[in-house]
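Colleague: give me a 3D structure for the following:
(one chain, ligands or ions: 2)
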Amino acid sequence: MVKGSAARDRRATSSALHPFFAAPSPSAVRLAARYREVPLLLWILILAPLVVFAVLRLGSLAAYRRLAWLQERIVERFGSRFDPGNEAPATGFGETPLVTLHQVLDEARLADLREAAERIVAVERSWIPGHKQGGTVAYAALHELAPECIAVYRAPALLALCARLAGAPVVRTPLHDQSSCSLLVYERPGDHIGWHRDLDFYAGRHFTMLLPLINGGREPSAPSSAQLEVRDAGGARAIPTPPGTLVVFEGAKVLHRVTPLGVGERRVVLSMTFTTDARCSSLQGALRRCKDVAFFGARALWS
Ligand SMILES: O=C(O)CCC(=O)C(=O)O
Ligand SMILES: [Fe+2]
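Modeller: Ligands and ions are numbered 1, 2, ... in the order given. The predicted structure is shown next:
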């Protein structure tokens, strides 16, 4: 008996921790706990924004799938909303890549679009000191607010017209580009855009079609003071934009501006963009996002 219990004691002693490790002091325990917490906090700090970004991004992917679906329903519901008919020139651009077509819409269609534009009460305002002041309704928002405008953008005749002018096949710019089809709203005195060339965020050439829907001064039938002007080898000149005119131009190659709106005036333009190649580099994508953030707010960051 005695011999057996002595052997057990020896085994117990040999498997016990060395006293140095056996009983850490309370301050050592606190220190160890603090070091365990630091990496955890760091992980949370690193991962939390990534998780938030991923959730927003997934949400936005789902929203764009829904938007693509909605766009098809709009096309079914409204059909082709634009047919420039004989007005379209057979040839491409001249020396300055800008063409104006007159009265491309009949009165009833123009009235529909004007009403759609007038329905919209809340626009996103942007202000870039010394360069731009005005309102915008983004592509995504137009689906809900003025689907008639989306139907114009989707008209095959518009795409064909742009291709004919460009002298190359073109496609519509993507659904996530908020400027692909947007309303430019000049509604407060001083709304304007300074001299600029449009930035091209795509691998291909980039074309803009401007279709003014409302352009009114305080005098009935007089246009607003917000006038589109271009400057080329021949100097600066105004491009009249009464409702129903279509201005097609390659914005990256044409220096242009819009002069300030006067008191009691309003000018609303449907702007639609096309490109010969919709691919874009990561830098171009990031720059487009920055522009969309400036024009349409922070949500463009994850859209
Ligand atoms: O409103 C216009 O006529 C032109 C607008 C423009 O140049 C732009 O949005 O970049
Ligand atoms: Fe422009």
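Colleague: spell out which parts of the stretch 201-303 of the chain neighbour ligand 1.
Modeller: The stretch 201-303 of the chain has residues Leu210, Leu228, Thr241, His256, Val258, Val269, Ser271 near ligand 1, with proximity defined as C-beta under 6 Å from any ligand atom. The way it works is simple: take the backbone N, C-alpha and C, and place the C-beta from them, glycine included.
Colleague: give me the beta-bridge partners of the last one?
Modeller: Residues in a beta bridge with Ser271, per DSSP bridges, are Ser182, Leu210.
Colleague: quick one: residues contacting it.
Modeller: The contact partners of Ser271, by C-beta atoms under 8 Å, 6 or more residues apart in numbering, come to Ser179, Cys181, Ser182, Leu183, Leu184, Thr208, Met209, Leu210, Leu211.
Colleague: dump the residues of the stretch 201-303 of the chain next to ligand 1 into JSON lines; add pLDDT and secondary structure as well.
Modeller: Written out in JSON lines, the entries for these read as follows (pLDDT from 0 to 100; DSSP: H, G, I helix; E, B strand; the rest coil):
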{"residue": "Leu210", "pLDDT": "98", "secondary structure": "strand"}
{"residue": "Leu228", "pLDDT": "98", "secondary structure": "strand"}
{"residue": "Thr241", "pLDDT": "97", "secondary structure": "coil"}
{"residue": "His256", "pLDDT": "98", "secondary structure": "strand"}
{"residue": "Val258", "pLDDT": "98", "secondary structure": "strand"}
{"residue": "Val269", "pLDDT": "98", "secondary structure": "strand"}
{"residue": "Ser271", "pLDDT": "98", "secondary structure": "strand"}
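Colleague: just to revisit the earlier point, closest to Leu161 out of the contacts of Ser271?
Modeller: Nearest to Leu161 among the contacts of Ser271 is Met209, at 8.2 Å by C-beta to C-beta.
Colleague: excluding chain neighbours, what is closest to that closest one?
Modeller: With C-beta to C-beta, 6 or more residues apart in numbering as the measure, Met272 is the residue that lies nearest to Met209, at 4.6 Å, once sequence neighbours are left out.
Colleague: helices along the stretch 101-250 of the chain, start to end?
Modeller: Assigned by DSSP state H, counting those that start in this stretch, the stretch 101-250 of the chain shows helices spanning 107-119, 139-145, 147-153, 156-166.
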